[in-house]
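> Here is a sequence with its predicted model. Questions after.
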Amino acid sequence: MNLTTAIQLRQANREFKATPVAPDQLAALSEAASYAPVARGRYNEYLLTVVTDRQVIDELEAADTGHPFYGAPVVIVLSTTLTNQAGYLSAGMIAQNIELKASELGLASCTILGALKGGIESSVAARTALGLPTDYVPVVAIAIGHPAHELKPRHFVTDRLRTITLTPDQA
């Protein structure tokens, strides 16, 4: 699969099959995360927690209202000690790598932020369930699993972003 197809397949999926994600796929997601650029190469400031235990996922959901992981069999929580702009930007790049790799593997994903800020970040029970060191803050979670429905490439309007292109002859 080429990168453009992976990008077109990546979408906020909120319906997952209960089918477990294979260990080799989980390893591939973790590997893709490690390829992301991180500000000043401070990889040791990030912690990836891959949760496949339904009981732990249920504990995380109990820290929030609703059902924020949509029944996904895997939740990946990315935490960091860098709670500044560079830290959050790097976390976003790590998350994007994970989600694009998930698309390539035929898996669905959904980025979750509200549940973290809505309860997990401050819940002692959730932090304990995740095994988070006290100096790490969960900044993004990703629900991952086999899609309940076939994922089809989305076709985007490619001129949605305003773009200014500066060339040498404009000086």
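Received, thanks. Numbers count the residues shown, from 1 in each chain.
> Residue ranges in this protein under the pLDDT threshold?
Filtered on pLDDT under 70, the chain yields the residue ranges 118, 170-171.
> Any idea how many residues pack against residue 27?
Residue 27 has 11 neighbours, counted by other C-beta atoms under 10 Å. Placement of C-beta: from N, CA and C, glycine included.
> what's the answer for residue 6, then?
17.
> So what touches the host helix or strand of it?
Residue 6 belongs to helix 3-9 when elements are defined using DSSP states H and E. Helix 3-9 has contacts (C-beta atoms under 8 Å, 6 or more residues apart in numbering) with 100, 101, 103, 104, 151, 152, 153, 154, 155, 156.
> mind putting these in TSV, secondary structure and distance to residue 32 included?
Shown next, in TSV, are the contacts of helix 3-9 (DSSP: H, G, I helix; E, B strand; the rest coil; distance: C-beta to C-beta, whole Å):
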residue	secondary structure	distance to residue 32
100	helix	7
101	helix	4
103	helix	11
104	helix	8
151	coil	17
152	coil	22
153	coil	19
154	coil	21
155	coil	24
156	coil	22
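> Now list the buried members of these.
100, 101, 103, 104, 151 (16 or more other C-beta atoms under 10 Å).
> From what I see, residue 92 and residue 99 are in contact.
No: counting by C-beta atoms under 8 Å, residue 92 stays clear of residue 99, with 10.4 Å between them.
> Who has more neighbours out of these two?
Set side by side, residue 92 and residue 99 show more neighbours around residue 99, with 27 against 15, by other C-beta under 10 Å.
> Understood, closing this out.
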